[in-house]
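Participant: from the sequence below, what's the structure:
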Amino acid sequence: MILNFTELAQIINLNSYTRNKPGVDENGKIFSEWMEALGFETEAFTREHIGDHLLFKSPIVAGKKRVLLLGHLDTVFPPGTFTDFSEDAEWIYGPGVCDMKGGNVVALEALRNVKAQQGEIANIDMLLVSDEESGSDDSKYLSAELGKNYDICLVFEAAGVDHEVVIARKGVGTFFINLEGKAAHAGNHYVDGCNANLAAAHMIIALTELTNLAKGTTVNAGKMSGGIGANTISPKAEIIVETRYTQKVEKERLLASLEEICANPAVKGVTATLSGGIQRDVMQSSPNQMTLLAQIASILGYPLKTEKRGGVSDANIVSSVGVATLDGFGPFGDGDHTITERASKASFSRRIDEVTKILLDFNAG
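Facilitator: Numbers count the residues shown, from 1 in each chain. Okay, the predicted model is just below:
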């Protein structure tokens, strides 16, 4: 149980906006000191323009399952926007208190309890990446590769309102469609032009029709730009599209449909180029995940409530390589990504107690 929030306040008051590499690295340095005091070895994956990703490694003992604790160092607030830690009787406030410096501290405190009670920690590692809030565009490859070394992954994003853990998250992809037409004077040479804007309009309708709410699939053409002016047939247009899906079969349908739509613009003379891709694949419930939930229920003496979320996290990445993964082991909070972000003090106590019991059992083998 956290007796006070002094250490959490220390890292909350340190700006770790994703693009603030010095701040993210300083957050990582502080966390490294805490983890190394428990006997962990730090392996840094250095990066030039973003913070370094950090893997904290314990000794490997044969015959025991390997466990990965997963979090991220970065937050969404640029320097000078929302920077300060505060608290009252029930809540703590500040950037990252629930997303997810608070979750990282839950893992840290649980590991301290394991160290105090069992002396040595083995087969439990912790990965903190530096770019989760901007889409994990760099770290997703590292997380996927490292994830293959583990049997179990616990992710420390915020808990549900009733302390649910997350068993499924939608997959998400971001795509860019660039359309090339032919400019012409809209008054004198209207028929000589090939209108990229018109092709984009037809395309947006076709893209939107890929949505299947019954299956949890959505396609959003969130931004469209193009053209030169009212008197010119548009020679160029761009559409930025986001896809979200709850089933791998839907991912395959979307990818095939995107290719088909872009290969066949509705306006003669217009061509379209598709780029981008899947950012994080779907996290689906699985038999090994259900086995893990049952094991945790046995450890705690009660089952954890579960939920599915539309948003994504790095749980998507590790789950997609076959690891039994559960998310939402951080404290309950709300207002994340806003200046009202807060986390429940009582929730910290509950989550640290639960994660301590789980890790004590895992560590004992």
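Participant: show me what contacts Asp361?
Facilitator: Going by CB atoms under 8 Å, 6 or more residues apart in numbering, Asp361 touches Ile299. Just so you know, the C-beta spots here come from the backbone N, C-alpha and C atoms, and that holds for glycine as well.
Participant: let's see stretch 356-365 as CSV, backbone CA atoms only.
Facilitator: Output of stretch 356-365 as CSV, limited to C-alpha atoms (Å, rounded to 0.1, in the frame of the first residue of the first chain):
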residue,chain,number,x,y,z
THR,A,356,1.3,-7.8,-4.9
LYS,A,357,-0.6,-11.0,-4.3
ILE,A,358,-0.5,-11.9,-8.0
LEU,A,359,3.2,-11.3,-8.3
LEU,A,360,4.0,-13.1,-5.1
ASP,A,361,2.3,-16.2,-6.6
PHE,A,362,4.1,-15.8,-9.9
ASN,A,363,7.4,-15.2,-8.3
ALA,A,364,7.0,-18.3,-6.1
GLY,A,365,6.5,-20.3,-9.2
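Participant: quick check: buried residues in it?
Facilitator: 356-359, 362-363 (16 or more other CB atoms under 10 Å).
Participant: pLDDT on it, on average?
Facilitator: The average of the pLDDT scores along stretch 356-365 is 96.
Participant: what number of residues lie near Leu142?
Facilitator: 17 (other CB atoms under 10 Å).
Participant: surely it is within a strand?
Facilitator: No: applying DSSP: H, G, I helix; E, B strand; the rest coil, one finds Leu142 to be helix, outside a strand.
Participant: need the helices for the stretch 151-300 of the chain, in chain order.
Facilitator: Using DSSP state H, counting those that start in this stretch, the helices found in the stretch 151-300 of the chain span residues 196-208, 248-263, 287-300.
Participant: which residues of this structure score low on pLDDT?
Facilitator: 1-3 (pLDDT under 70).
Participant: kindly report the domain assignment for it.
Facilitator: 6-170+282-364, 171-280 (automatic domain parsing).
Participant: span of the last one from start to end?
Facilitator: Spelled out, it's domain 171-280. 6 Å (CA to CA, to the nearest Å).
Participant: and stretch 158-174, by the same measure?
Facilitator: Span of stretch 158-174 from end to end, CA to CA: 24 Å.
Participant: how about it: buried residues?
Facilitator: Buried residues in stretch 158-174, defined by neighbour count with 16+ other CB under 10 Å: 158-159, 163-174.
Participant: and that stretch, how far out from the chain's middle?
Facilitator: Mean-position distance between stretch 158-174 and its chain equals 10 Å (CA atoms, centre = their mean, to the nearest Å).
Participant: can you get me a residue count around the closest residue to Asp151 other than its chain neighbours?
Facilitator: Nearest residue to Asp151, sequence neighbours excluded (CB to CB, 6 or more residues apart in numbering): Lys65, at 4.1 Å. When counting by other CB under 10 Å, one arrives at 14 neighbours for Lys65.
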